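In: Would you be able to build a 3D model of this:
(one chain, ligands or ions: 1)
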Amino acid sequence: MTLEKVIDDKIADLLMKIDKQKLPKHIAIIMDGNGRWASRKGLPRSFGHKQGVSVLKKILKSAKNLGCKVLTVYAFSTENWTRPTKEVNFLINLFSEVLKNEIKEIHEESIKIKFVGDLTPFPKNLKEIISSSESLTKNNNKFSFNVCVNYGGRQEIVKVAKELALKSSTGEINPSEINEELFNSELLTRGIKDPELLIRTSGEKRISNFLLWQLAYSEIYISDVLWPEFNEHEFLKAIIDYQSRTRRFGGIESLPNESLEDSQSSS
Ligand code: FPP
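Out: I've put the predicted structure just below:
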């Protein structure tokens, strides 16, 4: 038996365990561990990022084929600017290259791509390719792929607060009208439903300023695998784990014909 056949069989086994009716529609991923993966192999960190791109392509395909609807990835945080200039420039070039090479296929697959974050500090050529990719794919409706770049959850929340304060001061809204719905409508992710599942790779157990508002009720799955070694098998394991959880949203699990006494004993 070939290695490919063994892997295919394992994936087929995992696929059988997945309930297609209970898929997380929106999955968010913190793709962590590129640098460590490369360093452990005695390679420059840039190799880890390149390998990370090919993993991302596979996971995007897998999520779409499975029937999920939205994938949001953390590609560059507001804190990533503190990395050495060489690495920052490498990542910026990588984003342009990946977009140039992949946008045709993304469009053919009817995927809508959106970049979430403050694009102002990026070079003109990257901003142009982002803008043309977004407008090319804006009417695609099979799947949404959101790439967070120069994104920070706290910065996003502050931006919304400023926006709402300004609207209040000009009388466009009354402060008493401010509620979660209005707040949502000012977020960079407006119009996108919150992720049901957050996956973080490399064993780190932090949110790292990612989608702070949007992840309020998301299930979190930590994989010990470094992002460049993450694969469809690990991805399906995360979904199976998600499906084994009971989502309560701060309430209690509601069971049919459950008496009040029974439900009070639930936690
Ligand atoms: C985290 O690993 C990874 C990043 C900061 C960059 C991820 C970017 C990509 C995979 C490219 C995606 C491209 C597009 C266009 C979507 P790390 O460097 O923090 O690893 P470490 O924690 O081991 O140092």
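In: With just CA atoms, put the longest helix anywhere in the chain into CSV.
Out: Identified as the longest helix of the chain according to DSSP state H is helix 85-108. Written as CSV, here are the backbone C-alpha positions of helix 85-108 (Å, rounded to 0.1, in the frame of the first residue of the first chain):
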residue,chain,number,x,y,z
THR,A,85,12.5,44.7,8.2
LYS,A,86,13.8,41.8,6.0
GLU,A,87,11.0,39.5,7.2
VAL,A,88,8.3,42.2,7.0
ASN,A,89,9.4,42.9,3.4
PHE,A,90,9.4,39.3,2.6
LEU,A,91,5.9,38.8,3.9
ILE,A,92,4.6,41.9,2.0
ASN,A,93,6.2,40.6,-1.3
LEU,A,94,4.8,37.1,-0.5
PHE,A,95,1.2,38.5,-0.3
SER,A,96,1.6,40.2,-3.7
GLU,A,97,3.1,37.1,-5.3
VAL,A,98,0.5,34.8,-3.9
LEU,A,99,-2.3,37.0,-5.0
LYS,A,100,-0.9,37.4,-8.5
ASN,A,101,-0.4,33.7,-8.9
GLU,A,102,-3.6,32.5,-7.3
ILE,A,103,-6.3,35.0,-8.0
LYS,A,104,-7.4,33.4,-11.3
GLU,A,105,-8.0,30.1,-9.6
ILE,A,106,-9.7,31.8,-6.6
HIS,A,107,-12.1,33.5,-9.0
GLU,A,108,-12.7,30.3,-11.0
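In: so what does it touch, helix or strand wise?
Out: The elements that helix 85-108 packs onto, with contact taken as 3 or more C-beta pairs under 8 Å, 6 or more residues apart in numbering; DSSP states H and E, are helix 45-66, strand 70-77, helix 124-137, strand 143-151. (Glycine included, C-beta is placed from N, CA and C.)
In: could you dump those to CSV with distance to the ligand?
Out: Output for the helices and strands packed on helix 85-108, formatted as CSV (distance: least, C-beta to the nearest ligand atom, whole Å):
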stretch, distance to the ligand
helix 45-66, 3
strand 70-77, 4
helix 124-137, 9
strand 143-151, 4
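In: In a markdown table, list the ones you listed along with mean pLDDT and mean neighbour count.
Out: What follows is these, written out as a markdown table (pLDDT from 0 to 100; neighbours: other C-beta atoms under 10 Å):
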| stretch | mean pLDDT | mean neighbour count |
| --- | --- | --- |
| helix 45-66 | 98 | 18 |
| strand 70-77 | 98 | 23 |
| helix 124-137 | 98 | 14 |
| strand 143-151 | 98 | 23 |
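In: about what we covered before: can you give the contact residues for the longest helix of the chain?
Out: Contact partners of helix 85-108, identified using C-beta atoms under 8 Å, 6 or more residues apart in numbering, comprise 45-46, 49-50, 53, 57, 75-76, 80-81, 113, 122-123, 125-126, 129-130, 133, 136-137, 140, 145, 147, 149.
In: circling back to that earlier point, looking at the helices and strands packed on helix 85-108, spot the one closest to residue 220.
Out: strand 70-77 (13.6 Å; C-beta to C-beta).
In: Report all helices and strands that the closest one contacts.
Out: For strand 70-77, the packing partners by 3+ C-beta pairs under 8 Å, 6+ apart are strand 26-30, helix 45-66, helix 85-108, strand 143-151.
In: Quick one: closest of the ones you listed to residue 172.
Out: When those are compared by C-beta to C-beta, strand 143-151 sits nearest residue 172, at 26.5 Å.
In: and the next element down the chain from that closest one?
Out: Elements were assigned by DSSP states H and E; along the chain past strand 143-151, the next helix or strand is helix 153-169.
In: Run a quick neighbour tally on the closest residue to residue 51 other than its chain neighbours.
Out: If you skip the residues right next to it in sequence, residue 51 has residue 228 as its closest partner in space, 3.8 Å away by C-beta to C-beta, 6 or more residues apart in numbering. Neighbour count for residue 228, taken as other C-beta atoms under 10 Å: 25.
In: and residue 228, helix, strand or coil?
Out: Under DSSP: H, G, I helix; E, B strand; the rest coil, residue 228 falls in the helix class.
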